[in-house]
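>>> Provided below are the primary sequence and the corresponding predicted coordinates.
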Amino acid sequence: MDLETVMEAAREASGRAYAPYSNFHVGAAILTGGGMIHPGSNVENASYGLSICAERNAATTMAFADPEDREIELVAVFSPDASPCFPCGACRQFLREFGCKEVVVEDGSGLRRYPFEEMLPNSFGPEHL
């Protein structure tokens with residue numbers, strides 16, 4: 001799958017963000033091992049702790065869509081409000097649960113790819129239980 005296609009899904013998702021408090025719009029798109037793309041956007045709440053990030057929104061959509069296709073090849077993250085836009089720590093741990101292999105972000109010079117191990121080194125996962 002072309003990285004630009006996945007990033008375009010993240011860009012489109014950022015336009016659906018519900019961010020009335022921070023005005024920080026984020027879109028994410030997950031590419032699964034089976035080749036499916038699952039987008040998500042951040043959804044804020046007046047009780048800030050109940051807000052959900054774009055990456056976790058995309059991951060829950062993926063998990064619901066197909067129980068047989070829950071391995072994350074990569075996640076593309078985009079915000080028109082910050083470039084590059086990386087997943088927060090909570091999202092990194094959430095993505096780790098599904099074996100995320102790569103994070104793709106966009107900066108002024110194009111798409112940048114990062115191995116997930118660089119995003120969350122020495123991570124804790126299901127195999128440690």
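Right, received. Where do you want to start?
>>> what helix or strand is the residue nearest the centre of the chain on?
By CA atoms, centre = their mean, the chain has its centre lying nearest to Glu55, at 3.0 Å. Using DSSP states H and E, Glu55 falls within helix 54-65.
>>> chain neighbours aside, what residue packs nearest to the residue nearest to the centre of the chain?
Nearest residue to Glu55, sequence neighbours excluded (CB to CB, 6 or more residues apart in numbering): Cys91, at 3.9 Å. Glycine gets a C-beta too; all of them are placed from N, C-alpha and C.
>>> for that neighbour, pull up the helix or strand it's in.
helix 89-96.
>>> which other helices and strands contact that helix?
In terms of contacts (3 or more CB pairs under 8 Å, 6 or more residues apart in numbering; DSSP states H and E), helix 89-96 is packed against helix 54-65, helix 116-119.
>>> how about 10 Å then?
strand 27-32, helix 54-65, strand 72-78, strand 102-107, helix 116-119 (3 or more CB pairs under 10 Å, 6 or more residues apart in numbering; DSSP states H and E).
>>> pull out the buried positions in it.
91-92, 94-96 (16 or more other CB atoms under 10 Å).
>>> nearest to Met36, of these?
Taking CB to CB as the measure, Met36 lies nearest Leu95 of the buried residues of helix 89-96, at 15.7 Å.
>>> hmm, back to that, do you know which of the helices and strands packed on helix 89-96 lies nearest Glu12?
Per CB to CB, nearest to Glu12 of the helices and strands packed on helix 89-96: strand 27-32, 6.6 Å.
>>> and after that closest one, which helix or strand comes next?
Using DSSP H and E, the helix or strand that directly follows strand 27-32 along the chain is strand 37-41.
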